[in-house]
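Enquirer: here you go, sequence then predicted model.
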Amino acid sequence: MTVTLIVLLLLNALFNVLVWPTFYRRVAKDARAHDEAGKPTRFLIVHAVLIGIALLLAAASAIVAVIALF
């Protein structure tokens, strides 16, 4: 069971690290991401915060998986 959980945590971390940066690039290019003056809108800020939280959770998953290995 422990090996299964370690693998699940590592897969979770890998998935998040691969998916969210690509999603952020798409959001940043979206017309709603910046106003007429080029300043970031709430659309971009909210997505950036959510993606940051997802990457933080991915890092936590990876750290816990590595600790569980030893």
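Expert: Cool, the structure landed. Numbers count the residues shown, from 1 in each chain.
Enquirer: L9: neighbour count?
Expert: Neighbourhood size, L9 [other C-beta atoms under 10 Å]: 20. Where you see a C-beta, it was placed from the backbone N, CA and C, and this is true even at glycine.
Enquirer: what about the nearest residue to it once chain neighbours are set aside, which helix or strand?
Expert: Distances taken as C-beta to C-beta, 6 or more residues apart in numbering put A65 closest to L9, at 3.8 Å, once the chain neighbours are dropped. For A65, the host element (DSSP states H and E) is helix 42-69.
Enquirer: what's the mean pLDDT across that helix?
Expert: Taken as a whole, helix 42-69 has an average pLDDT of 97.
Enquirer: quick check: buried residues in it?
Expert: Within helix 42-69, the residues scored as buried using 16 or more other C-beta atoms under 10 Å are L44, H47, I51, A54, L55, A58, S61, A62, A65.
Enquirer: nearest to T4, of these?
Expert: A65 (11.3 Å; C-beta to C-beta).
Enquirer: wait, isn't the closest one in contact with V3?
Expert: No. A65 is beyond contact range of V3, at 10.4 Å (criterion: C-beta atoms under 8 Å).
Enquirer: residues of whatever helix or strand L11 lives in that come out buried?
Expert: Under the criterion of DSSP H and E, L11 resides in helix 2-29. Applying a neighbour-count criterion of 16+ other C-beta under 10 Å, one finds I6, L9, L10, N12, A13, N16, W20, Y24, V27 buried in helix 2-29.
Enquirer: tell me how far it lies from the chain's centre.
Expert: 6 Å (C-alpha atoms, centre = their mean, to the nearest Å).
Enquirer: same question for stretch 28-39.
Expert: Counting by C-alpha atoms, centre = their mean, stretch 28-39 comes out at 21 Å from the chain centroid.
Enquirer: in it, what counts as buried?
Expert: Applying 16+ other C-beta under 10 Å to stretch 28-39 flags A33 as buried.
Enquirer: which elements pack onto the helix holding A65?
Expert: With contacts taken as 3 or more C-beta pairs under 8 Å, 6 or more residues apart in numbering; DSSP states H and E, helix 42-69 sits against helix 2-29.
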